[in-house]
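>>> Got a predicted structure plus its sequence, pasted below:
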Amino acid sequence: MTRLTHRLAVRDDLPALKVLMDAAIGELQRSFLTQAQIASSRTIMGLDTQLVDDGTYFVVNLDGELAGCGDWSRRATHYGSDSTPGRDPRLLDPARESARIRAMYTRPDLARRGVGRLILALCEDAARAEGFARAELVATMAGEPLYRSCVYHPIEPLQDDRGGAPVPLLRMEKRLRPARGDPDA
């Protein structure tokens, strides 16, 4: 594999990001969910354009082609798209609350080749730079092994049935270590 590159997403990326998300949900969740749960996942997950506007959404490319995407957030919502019910755009307090790792999607043919790990590291570094000491996420069953390997610890199992069928999820958390060279390191 050649070197992965990354940048912040812009509004022009939205159509390609949506295609990637749909493929990742459909392919990577297949071993863990029923077809009804995959359809439900498409309803409760997806692109939150507020995070693109916030400058917290990353695009990862391989040889100039979209390989993955993902974001972190300084807002209270844990996951979901622009249209997911229950969104909370309130800004979090880094001194008291955890940053949110919101959505991570990898092109199915590139799964388990470092794309997700790179996105997660970018998100953690950016959250740490804004003063967050912890990160929290809601993992899909397909994503849970990656997050466990990156030292995220389970907080509570969840089920989200807002899309019709109950989708099993796992809320997880990690303490973010200070960056090297940081006086608190």
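That came through fine.
>>> mean confidence score for stretch 56-76?
For stretch 56-76, mean pLDDT is 97.
>>> Wasn't P85 part of a helix?
No: P85: not assigned to a helix; according to DSSP: H, G, I helix; E, B strand; the rest coil it is coil.
>>> any idea how far A135 is from G26?
27 Å (CB to CB, to the nearest Å). For glycine as for every other residue, the C-beta is placed from the backbone atoms N, C-alpha and C.
>>> so what's D88 closest to, chain neighbours aside?
In this structure, D88 finds its nearest non-sequential neighbour in A76, 4.0 Å apart by CB to CB, 6 or more residues apart in numbering.
>>> burial of that neighbour, as a residue count?
13 (other CB atoms under 10 Å).
>>> who touches it in this structure?
Residues counted as contacts of A76 (CB atoms under 8 Å, 6 or more residues apart in numbering) are D88, P89, R90, L91, L92, E97, R100.
>>> One more pass at 7 Å, please.
D88, R90, L92 (CB atoms under 7 Å, 6 or more residues apart in numbering).
>>> Which members of these occur in helices, if any?
Judged by DSSP state H, helices contain none of the contacts of A76.
>>> can you pick the most crowded of these?
Counting by other CB under 10 Å, top hit in the contacts of A76: L92 with 19 neighbours.
>>> Show me what the spatially most central residue of the chain bridges to in the sheet.
Nearest to the geometric centre of the chain sits A103, at 2.3 Å (CA atoms, centre = their mean). When bridges are called by DSSP bridges, A103 pairs up with D71.
>>> Let me know whether it touches Y79 as I believe.
Yes: counting by CB atoms under 7 Å, A103 does reach Y79; the two are 6.4 Å apart.
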